[in-house]
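> Sequence below, structure please.
(chains A and B)
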Amino acid sequence: GAGVSQSPSNKVTEKGKDVELRCDPISGHTALYWYRQRLGQGLEFLIYFQGNSAPDKSGLPSDRFSAERTGESVSTLTIQRTQQEDSAVYLCASSLVRGRVNYEQYFGPGTRLTVT
Amino acid sequence: EDQVTQSPEALRLQEGESSSLNCSYTVSGLRGLFWYRQDPGKGPEFLFTLYSAGEEKEKERLKATLTKKESFLHITAPKPEDSATYLCAVLLSGGYNKLIFGAGTRLAVHP
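Prediction:
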């Protein structure tokens, strides 16, 4: 079946502009996650959705970052008033969660954001 | 503070030269440990999940093991196509579902 998809694959924006990044999870996956990966570094957790609620937003770096999810499908990560330090690859993942069991997370290809 | 440390940062092997990558963790409670492979310009690709100390999993030339403080990814007779960054991540107990990742080990296998 289809994997996690993300769009756009690349985004170049000017400092101060707003950007929206989109994630389509694997069908049937109730959990959705956003991570950020700076050049040469590991993945940094941003936010977790279970259905359309976000029980863990602890990784969002500032109030310029927000995310929403429609039901158990598409999610959008929005960055307002972008700064150069926001330049990174933004990765989305989805997984099954049944009871207390968290299954493995499957990742999309990422959106490479460059703020000039 | 929950922490995941991978070593070495980079590893260069000759084709056929077996080795191991290390992932050590200091966490409040472990619900699972995950290994991923990441190729340049792509998202991480799931390899293994380990849930308890003593558990082992194998896939082709890769074998992952888990103790109470660390995990190893053993690569037997590697081929150039095994070249990638290998990421280790832990899933914490206590109701949180985020993965905490290590910085990764960049593996280069030369013919």
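> tell me, how many neighbours does B:A89 end up with?
Counted with other C-beta atoms under 10 Å in any protein chain shown, residues neighbouring B:A89 total 25. Backbone N, C-alpha and C define where each C-beta goes, glycine included.
> if I pick the residue lying closest to it once chain neighbours are set aside, what's in contact with it?
Excluding its sequence neighbours, the residue lying closest to B:A89 (C-beta to C-beta, 6 or more residues apart in numbering or on different chains) is B:L99, at 4.0 Å. B:L99 makes contact with A:Y33, A:Y35, A:L43, A:F45, A:Q105, B:F34, B:A89, B:V90, B:L91, according to C-beta atoms under 8 Å, 6 or more residues apart in numbering or on different chains.
> try B:E70
Contacts of B:E70 by C-beta under 8 Å, 6+ apart are B:N22, B:C23, B:S24, B:Y25.
> what helices or strands is the helix or strand where the last one lies leaning on?
Pointing back at B:Y25 there. Assigned by DSSP states H and E, B:Y25 falls within strand B:19-26. Counting by 3 or more C-beta pairs under 8 Å, 6 or more residues apart in numbering or on different chains; DSSP states H and E, the packing neighbours recorded for strand B:19-26 are strand B:3-7, strand B:10-14, strand B:30-38, strand B:70-75, strand B:84-92.
> Go again with 10 Å.
On a contact count with 3 or more C-beta pairs under 10 Å, 6 or more residues apart in numbering or on different chains; DSSP states H and E, strand B:19-26 meets strand B:3-7, strand B:10-14, strand B:30-38, strand B:62-66, strand B:70-75, strand B:84-92, strand B:105-110.
> Deepest-packed of those, please.
Stretch with highest mean neighbour count among those: strand B:84-92 (a mean of 23; mean count of other C-beta atoms under 10 Å in any protein chain shown).
> Let's see it as PDB, backbone CA atoms only.
Only the C-alpha atoms of strand B:84-92 are listed here, as PDB (Å, rounded to 0.1, in the frame of the first residue of the first chain):
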ATOM      1  CA  ALA B  84      23.700   4.600   5.100                       C
ATOM      2  CA  THR B  85      23.100   6.400   8.400                       C
ATOM      3  CA  TYR B  86      21.700   4.100  11.100                       C
ATOM      4  CA  LEU B  87      19.500   5.700  13.700                       C
ATOM      5  CA  CYS B  88      18.500   4.400  17.100                       C
ATOM      6  CA  ALA B  89      15.400   5.700  18.900                       C
ATOM      7  CA  VAL B  90      13.700   4.900  22.200                       C
ATOM      8  CA  LEU B  91      10.000   5.000  23.000                       C
ATOM      9  CA  LEU B  92       9.500   6.100  26.600                       C
END
